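Participant: structure here, sequence nowhere to be found:
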């Protein structure tokens, strides 16, 4: 199945002097498959090592001479390794700090060799006190679940994917096309973006097979707790793991997990889920300028789950007992819609940039307001509201635009796109003038491109 990051890796592959790439992402988002796709597309020999499955291979990296390491790998695998004709893939590299350190020597002394590493629990190694990656000698690629556009391609809907990719603002989307795309959005709400779940649906065309895959993935994540959390915290981790999908779209409160446990203990467990990239914090920012993280307030945050399909399964929302797909009422699925938009925005930056996402909140008795998301496109700060259905009040968006003197607001909902020049008088008699860009959910992957075109 095609991944958009393949284009980035292809360009990297063509460089004469390249840094090793480290793919960072949660378990089962498709890191290994992406590397295999690159090798197949490039017609190059793939030498793959899995340091978690075969921990004895870690001893191959105890030397600082990359030529010696290559010789040992060749003897171990029985494959000839030639710099320009081989792709060395070190999977689950977090199992060996020596292998991580060796990436530096591959770059310095053997840059012609294509080297890619990946690790599903790599963040825990990086977070260890006293350990640092080879700074300036590697580059990162961040991989999340498959996007809606990638999902369409997997479903064979190449024309729809191409239509979305080239859509221009003010271009009319006829109702039959819009309705078809929204039906696919509903299906994506259930299958989600985990590659194995999508593959199961592609092969068998039933949600039952996809559901089994997602249940298995959720179980695997919980089984992993033993790899990074003390056993006394496992019960709390499981409770938090099952609770997070019910909290999407709301300010995170430690008391909602367990009001009898110290906030610091709960915060530690949440941080571990975030390091595993199973959960993501969406921090409050004052959003007065860029970078948005400069005014991040760590006390206020929301939480997203890794994937909307896993969220649906965790919430018990699936099609096993639903005969008609139209019975999934998006109007009553606000948290799912916010998850859908959020996970796409999270990975909408450059593929080598750390995924980050923010929201804005003002807690005043007389004029409380909250924006679902805030992003920046260059120097431009974009407030975003997410509505599950066709309508919904936009008070918070208007207050933000007036307070921050911004002139573009974005809404995602279930109707066809539109762009309007808007003049409003707020309740305090102040006026606000702005462009209001309303987009259907399926265009979330094109938001940055569309904003840049205005």
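Facilitator: Happy to help now that I have it. On a predicted model such as this, the values are computed, not experimentally measured, just so you know.
Participant: contacts only, for residue 396.
Facilitator: Contacts for residue 396 were tallied using CB atoms under 8 Å, 6 or more residues apart in numbering; they are 369-371, 385. Every C-beta, even on glycine, is put in place using the N, C-alpha and C of the backbone.
Participant: and with 10 Å instead?
Facilitator: 360-362, 367-372, 383, 385, 409 (CB atoms under 10 Å, 6 or more residues apart in numbering).
Participant: so which of these sits lowest on pLDDT?
Facilitator: Among those, residue 367 carries the weakest pLDDT, at 73.
Participant: what is the burial count for that residue?
Facilitator: Neighbour count of residue 367, defined by other CB atoms under 10 Å: 14.
Participant: can you tell me the helix or strand for it?
Facilitator: Assessed by DSSP states H and E, residue 367 sits outside every helix and strand.
Participant: that one reaches residue 398, doesn't it?
Facilitator: No - in this structure residue 367 lies outside contact range of residue 398 using CB atoms under 10 Å: 11.0 Å.
Participant: overlap of the contact sets of those two?
Facilitator: By CB under 10 Å, 6+ apart, residue 367 and residue 398 have these common neighbours: 426-427.
Participant: before we move on, the earlier item: filter the contacts of residue 396 to the buried ones?
Facilitator: 360-361, 369-372, 383, 385, 409 (16 or more other CB atoms under 10 Å).
Participant: from those residues, which land in helices?
Facilitator: With helices taken from DSSP state H, there is no overlap with the buried ones among the contacts of residue 396.
Participant: farthest-separated two in those residues?
Facilitator: 361 and 409 (16.4 Å; CB to CB).
Participant: let me have the contacts of residue 396 in JSON lines, extended by distance to residue 419.
Facilitator: Shown next, in JSON lines, are those (distance: CB to CB, whole Å):
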{"residue": "360", "distance to residue 419": "22"}
{"residue": "361", "distance to residue 419": "27"}
{"residue": "362", "distance to residue 419": "27"}
{"residue": "367", "distance to residue 419": "28"}
{"residue": "368", "distance to residue 419": "29"}
{"residue": "369", "distance to residue 419": "23"}
{"residue": "370", "distance to residue 419": "24"}
{"residue": "371", "distance to residue 419": "19"}
{"residue": "372", "distance to residue 419": "20"}
{"residue": "383", "distance to residue 419": "15"}
{"residue": "385", "distance to residue 419": "15"}
{"residue": "409", "distance to residue 419": "11"}
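Participant: just the closest of the residues you listed to residue 310, please.
Facilitator: Among the contacts of residue 396, and counting by CB to CB, the member closest to residue 310 is residue 372, at 20.2 Å.
Participant: pretty sure the closest one contacts residue 387?
Facilitator: Yes - Residue 372 lies in contact with residue 387 (CB under 10 Å); the separation is 9.0 Å.
Participant: which neighbours do the two have in common?
Facilitator: With CB under 10 Å, 6+ apart as the test, residue 372 and residue 387 both reach 334, 337-338, 411-412.
Participant: what sits against residue 374?
Facilitator: 282, 284-287, 292, 345, 357-360, 381-384, 400, 404, 406.
Participant: just the ones in helices from the residues you listed, please.
Facilitator: 345, 400, 404.
Participant: which one of the shared contacts of residue 372 and residue 387 is nearest to residue 120?
Facilitator: Looking across the shared contacts of residue 372 and residue 387 and measuring by CB to CB, the closest to residue 120 is residue 338, at 25.6 Å.
Participant: beyond the least confident helix or strand in the chain by mean pLDDT, next helix or strand please.
Facilitator: In the chain, the helix or strand scored least confidently by mean pLDDT, DSSP states H and E is helix 122-127, which has a mean of 81. Using DSSP H and E, the helix or strand that directly follows helix 122-127 along the chain is strand 139-142.
Participant: residues of that next one that come out buried?
Facilitator: Of all the residues in strand 139-142, those buried under the rule 16+ other CB under 10 Å are 140-142.
Participant: want to throw these into a markdown table with pLDDT and distance to residue 107?
Facilitator: Below are these laid out as a markdown table (pLDDT from 0 to 100; distance: CB to CB, whole Å):
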| residue | pLDDT | distance to residue 107 |
| --- | --- | --- |
| 140 | 94 | 14 |
| 141 | 97 | 15 |
| 142 | 97 | 20 |
